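Novice: pasting the sequence and the predicted coordinates here, then a few questions.
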Amino acid sequence: MSGGAGYETLLVEERDDRVVVTLNRPRARNAINAAMVEELHAVCAGLERRPRLLLLTGAEGVFAAGADIQELLERGREEALAGINSRLFDRVARLSMPTVAAVDGYALGGGAELAYACDVRLAGESAVFGNPEPGLGILAAAGACWRLAELAGVSVAKQVLLGGRRLDAAEALRLGLVAEVVPDGELLGRAHRLLDRMARSAPGALRLTKLVLDARGPHPLADDLAQAILFESEEKRDRMRAFLDKGASS
Ligand code: COA
């Protein structure tokens with residue numbers, strides 16, 4: 001799956017240390033349809049086989065305007081219970097290496113939920129987050145009802161989900177929902193620099209840190225077990241020796 005070949009709804013660029021995925025249905029404002037869900041599962045499968053960093057963004061100045069409303073209209077109880085989007089976004093959230101969403105323009109409905117499922121969000125100045133699902137007679141069932149509360153607090157989540165509040169880039173920054181706001185034209189470059197920094201860390205340490213960070217509740221045992229694995233790694237010894245040797249030679 002290199003260079004986006006074979007994808008109808010995504011542009012996929014494979015690099016040694018990262019995969020860059022661009023949601024690419026600009027005529028439907030990158031709305032997430034069944035084909036995109038399937039293709040994002042394929043990307044996840046590739047990242048599960050060979051863990052790398054993931055950078056997720058949207059084509060033509062929009063992240064994603066939600067699940068595809070044309071398809072939602074036809075979906076019933078069975079499709080809801082199948083958790084079409086929630087299972088995908090959970091899979092993205094559980095990817096072992098860090099994930100970054102570079103959001104410019106609209107991240108609405110399922111688009112916002114996909115961004116919430118990533119580890120870090122960077123915003124272009126035009127970014128707008130919102131969950132207008134109740135306006136369409138449904139609820140935001142793919143993570144917003146709990147992930148947004150975790151990320152920005154219950155009060156903000158209720159304003160967004162019940163009050164229809166949209167968060168622009170500056171508000172998202174103030175609430176800690178995004179790490180940084182940059183001019184739209186600089187968004188991808190900035191995101192790659194963040195991934196460059198992540199890529200300089202020991203991959204095993206990143207993976208175990210993410211695993212422990214995402215564990216629920218206090219978990220000193222998990223932290224100790226993860227550390228026990230890392231303390232025995234050659235990579236830790238090399239990195240610490242390099243640090244100490246640098247100190248000795250200066
Ligand atoms: N599902 C399916 N199609 C969508 C879509 C969605 N979530 N969002 C946008 N589109 C389509 C529109 O139907 C339109 O199609 P058309 O050109 O065939 O008429 C096209 O994308 C462009 O949308 P438009 O509304 O004209 O663009 P805009 O730039 O004026 O507005 C939005 C952009 C995102 C504000 C607006 O499209 C919107 O509100 N979308 C729905 C958001 C939403 O409710 N998401 C939650 C879904 S659960």
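Specialist: Nice, thanks for sending it over.

Novice: buried sites along stretch 226-241?
Specialist: 226, 230, 236 (16 or more other C-beta atoms under 10 Å). (Glycine included, C-beta is placed from N, CA and C.)

Novice: for it, what is the average pLDDT?
Specialist: Averaged over stretch 226-241, pLDDT sits at 93.

Novice: and the end-to-end length of that stretch?
Specialist: Chord length of stretch 226-241, first to last residue, is 21 Å (C-alpha to C-alpha, to the nearest Å).

Novice: over to stretch 71-90?
Specialist: Per C-alpha to C-alpha, the first residue of stretch 71-90 is 21 Å away from its last.

Novice: can you give me the buried ones in that stretch?
Specialist: By neighbour count on 16+ other C-beta under 10 Å, the buried set for stretch 71-90 is 71, 72, 84, 85, 86, 88, 89.

Novice: need the pLDDT of the fourth one.
Specialist: Which is residue 85. pLDDT for residue 85: 97.

Novice: what do you get for the first one?
Specialist: Looking at residue 71, its pLDDT reads 97.

Novice: which residue is the nearest non-sequential neighbour of residue 173?
Specialist: Counting by C-beta to C-beta, 6 or more residues apart in numbering, residue 173 lies nearest to residue 181, which is 5.0 Å off, once chain neighbours are set aside.

Novice: and for residue 20?
Specialist: residue 13 (4.2 Å).

Novice: please save the CA atoms from the host helix or strand of that neighbour in CSV.
Specialist: In this assignment (DSSP states H and E), residue 13 forms part of strand 10-14. The C-alpha coordinates for strand 10-14 follow below in CSV (Å, rounded to 0.1, in the frame of the first residue of the first chain):
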residue,chain,number,x,y,z
LEU,A,10,-7.1,8.1,1.0
LEU,A,11,-3.7,9.3,0.0
VAL,A,12,-1.2,7.1,1.8
GLU,A,13,2.5,7.9,1.9
GLU,A,14,4.7,5.2,3.5
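
Novice: for that strand, packing partners?
Specialist: Packed against strand 10-14 by the contact rule (3 or more C-beta pairs under 8 Å, 6 or more residues apart in numbering; DSSP states H and E) you find strand 18-23, helix 34-49.

Novice: what comes up buried for it?
Specialist: Buried residues in strand 10-14, counted by 16+ other C-beta under 10 Å: 10, 12, 14.

Novice: how far does the helix or strand hosting residue 239 sit from its chain's centre?
Specialist: According to DSSP H and E, residue 239 maps onto helix 234-249. Chain-centre distance of helix 234-249: 33 Å, with C-alpha atoms, centre = their mean, to the nearest Å.

Novice: ok, how many other residues are close to residue 128?
Specialist: The number of residues packed near residue 128 is 20, by other C-beta atoms under 10 Å.

Novice: mind listing what it touches?
Specialist: Residue 128 makes contacts with 105, 106, 107, 108, 166, 167, 168, 169, as judged by C-beta atoms under 8 Å, 6 or more residues apart in numbering.

Novice: shaky segments in this structure?
Specialist: Within the chain, the stretches with pLDDT under 70 are 1-5, 250.

Novice: can you give me the strands in it?
Specialist: 10-14, 18-23, 53-58, 99-103, 106-108, 120-124, 128-130, 167-168, 180-182 (DSSP state E).

Novice: okay, these, which one's buried deepest?
Specialist: Across the strands of the chain, the average number of neighbours (mean count of other C-beta atoms under 10 Å) peaks for strand 99-103, which reaches a mean of 28.

Novice: neighbouring strands of it in the sheet, and parallel or not?
Specialist: Sheet neighbours of strand 99-103, with direction, are listed as strand 53-58 (parallel), strand 120-124 (parallel) (DSSP bridges).

Novice: list the contacts of stretch 156-169.
Specialist: Identification of contacts with stretch 156-169 by C-beta under 8 Å, 6+ apart yields 123-135, 139-140, 144-145, 148-149, 152, 175, 177-178, 181.
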